[in-house]
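# Sequence plus predicted model, see below.
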Amino acid sequence: MSVQKPSIPKGTRDFTPAEMVRRNYIFNTVRAVFEIFGYLPIETPAMENLSTLMGKYGEEGDKLLFKILNSGNYLEGIPDIGYQMTDDSNSGSGIRHQTSEIGALTRHISEKGLRYDLTVPFARFVVQHQSELVFPFKRYQIQPVWRADRPQKGRYREFFQCDVDVIGSPSLLYELELIQIIDEVFSRLGIETTTLINNRKILAGIAEAIGAPEKMTDITVAIDKIDKIGLENVCLELKERGLSDTAISSLQPVLLMEGKINQKTDLLGDLLKNSETGMKGIEELKHLCRLLKDLDLRNKWTFDVRLARGLNYYTGTIIEVKANEVSMGSICGGGRYDDLTGIFGLPGVSGVGISFGADRIYDVMNELNRFPDTIQHTTKVLFANFGAEEESFALKLLSIIRLEGIPSEIYPESSKLKKQLEYASRKQIPFVALIGKDEMGSGMVTVKDMNSGEQSQVSREEFIRRLKNS
RNA sequence: GUGGUCGUAGCUCAGCUGGUUAGAGCGUCAGAUUGUGGCUCUGAAGGCCGUGGGUUCGAGCCCCAUCUUCCACCCCA
């Protein structure tokens, strides 16, 4: 039998201890901030029923769901409608026929999927547990999610999201709170960020105002690209998406909008004066900006009409955070969703939340070298092993040291000292305790400082004190 | 889903227009040095050249497929 080379699925990663220490630093920081703002943790299963997940993330999102094959004889009971690939892929109708067959087959053989984000499972959770919860319900959730995307820079198929949401209140105070959380998290992590803020109602209003309310998604997707492809190409794309020339030209002032937030909102107010939704959006945005101005946030924030956000459950404020010093997709994003629980039978409940992308934050911090050195905690002291007698003597002291809360270990066999010291050196253990016959007699401990190479004989008390102070 | 890209020792890579037995550095292990790590020296182990087909007298090298890596688009954390 030949050995097979081990591997892990595309877009997934193993994490070494060195990486985990850094990842935990991010998780701990995020968690600590969430908790001082009064949020409590929940967890939900890795898998959800597909009926819970499907249709919540738009057409694209549905395609990116990892589906789980039913257990047992999953082919049982499939109606005989012929799931063979027909070879008429050059005819348009043939392709449609095939995809609908695949869809039908999928529904038969798969009823569960891996979660795509934490927001939709959260909405499901709220509906199921509504009788036990106190509203507004504030929770945080740090768990992995899975997307069948093509991996690339900052994009994985398995990654951790750190979500904070509050559900059961339409108050803009919560939008404010979330932006404060963003500011606090990134200040603590030492990343300079810019928080982009927009409002779906404004986008809807714009679509309405230029006479194409049903084209809101097309419009937002196109104008989001203006920095990337330029004004002319954006106009071209809008035309391809079926917008009239008059509609496109009336969009121009919005696209080219510059200046202070007030100037932008004034201009938009003029354009959207006949759209009730649009005016509501502007009102919300102005209110939020007024609240934000009174706080001294350390990181930048700004209003950006071009911010779109694809997840189609958002209905109000939308937020996205970018790192200023590196090129990376957004490292945090979210917004308000007015009726996510409605689909699950609990209508009229507004929620707002954001999600920190732990893996991208990790990549950003790594690139910028922002991890403090102090987080590398490892064993503090290694007890050298000189043989059976010395070993049992050392084990007793080791127990005492551990009771003092000092991470410590003993070398497993009485190998050459050279080897034992090499082990300590490679593991970056700062101290080695040498207890041989002499030390056993005198009751002292020989401590070697691995950084300086110096060693000295000290009493047990002094030994413990030194380890604690280092 | 679309387009490109990478894959040779544990790691980073070299390997000429296809030609004997596939190399280097680092790392690993052993020794020089039996209670003292990092430096140095000596030696050793380690490879179905991502996988499967094909072309050829002959393939690490050419062709096809497939998987994987990285990147861009789409979309997103």
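On my side now, so go ahead.
# Could you use CA atoms for every contact and neighbour count after this?
Will do.
# what residues does the stretch 201-350 of chain A put near RNA strand B?
Listed as neighbours of RNA strand B in the stretch 201-350 of chain A under the rule C-alpha under 7 Å from any atom of the strand: A:221, A:225, A:309-312, A:320-321, A:329-334.
# could you redo the last one with a cut-off of 6 Å?
With C-alpha under 6 Å from any atom of the strand as the criterion, the stretch 201-350 of chain A meets RNA strand B at residues A:221, A:309-311, A:329-333.
# Strands - which of the residues you listed land there?
Among those, the members falling in strands (DSSP state E) are A:332-333.
# ChimeraX command to pick out the buried ones of the residues of the stretch 201-350 of chain A next to RNA strand B?
Those of those that count as buried under 16 or more other C-alpha atoms under 10 Å are selected in ChimeraX with:
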select /A:221,309,330,331,332,333
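# what residue ranges in chain A are flagged as low confidence?
Filtered on pLDDT under 70, chain A yields the residue ranges A:1-4, A:77-102, A:310, A:377.
# domain ranges for it?
Per the record, chain A has its domains at A:17-65+A:116-368, A:377-469, by automatic domain parsing.
# can you redo those domains as a markdown table with distance to A:Arg107?
Shown next, in a markdown table, are the domains of chain A (distance: least, C-alpha to C-alpha, whole Å):
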| stretch | distance to A:Arg107 |
| --- | --- |
| domain A:17-65+A:116-368 | 9 |
| domain A:377-469 | 49 |
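# quick one: the strands in the stretch 201-350 of chain A?
Taking DSSP state E, counting those that start in this stretch as the criterion, the stretch 201-350 of chain A carries its strands at A:300-303, A:317-323, A:332-337.
# which residues touch the second one?
In this case it means strand A:317-323. By C-alpha atoms under 8 Å, 6 or more residues apart in numbering, the residues outside strand A:317-323 that reach it are A:175, A:191-201, A:284-285, A:307-309, A:328-336, A:354, A:364.
# Which among those residues count as buried?
A:175, A:191-201, A:284-285, A:307-309, A:328, A:330-336, A:354, A:364.
# residue contacts, A:Val127?
Shown in contact with A:Val127 (C-alpha under 8 Å, 6+ apart): A:341, A:344-346.
# and the strands of the stretch 201-350 of chain A as a markdown table, adding distance to A:Gln128?
Shown next, in a markdown table, are the strands of the stretch 201-350 of chain A (distance: least, C-alpha to C-alpha, whole Å):
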| stretch | distance to A:Gln128 |
| --- | --- |
| strand A:300-303 | 36 |
| strand A:317-323 | 26 |
| strand A:332-337 | 18 |
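# A:Ser171: which of those strands is closest?
Counting by C-alpha to C-alpha, A:Ser171 lies closest to strand A:332-337 out of the strands of the stretch 201-350 of chain A; the figure is 10.4 Å.
# Given whichever helix or strand comes after that closest one, what are its sheet partners and their directions?
Next along the chain after strand A:332-337, taking DSSP states H and E as the criterion, comes strand A:351-357. Applying DSSP bridges, strand A:351-357 is found paired with strand A:158-167 (antiparallel), strand A:332-337 (antiparallel).
# hang on, the earlier thing: check the domains of chain A for me and report the most buried one.
domain A:17-65+A:116-368 (a mean of 18; mean count of other C-alpha atoms under 10 Å).
# gap between the two ends of that one?
Start and end residues of domain A:17-65+A:116-368 are separated by 20 Å (C-alpha to C-alpha, to the nearest Å).
# and it, how far out from the chain's middle?
A distance of 12 Å separates the centroid of the chain from that of domain A:17-65+A:116-368, by C-alpha atoms, centre = their mean, to the nearest Å.
# Buried ones in the helix or strand containing A:Ile68, by neighbour count?
Using DSSP H and E, A:Ile68 sits within strand A:67-69. For strand A:67-69, a neighbour-count test (16+ other C-alpha under 10 Å) marks A:67-68 as buried.
# who does it touch, helix- and strand-wise?
strand A:110-114 (3 or more C-alpha pairs under 8 Å, 6 or more residues apart in numbering; DSSP states H and E).
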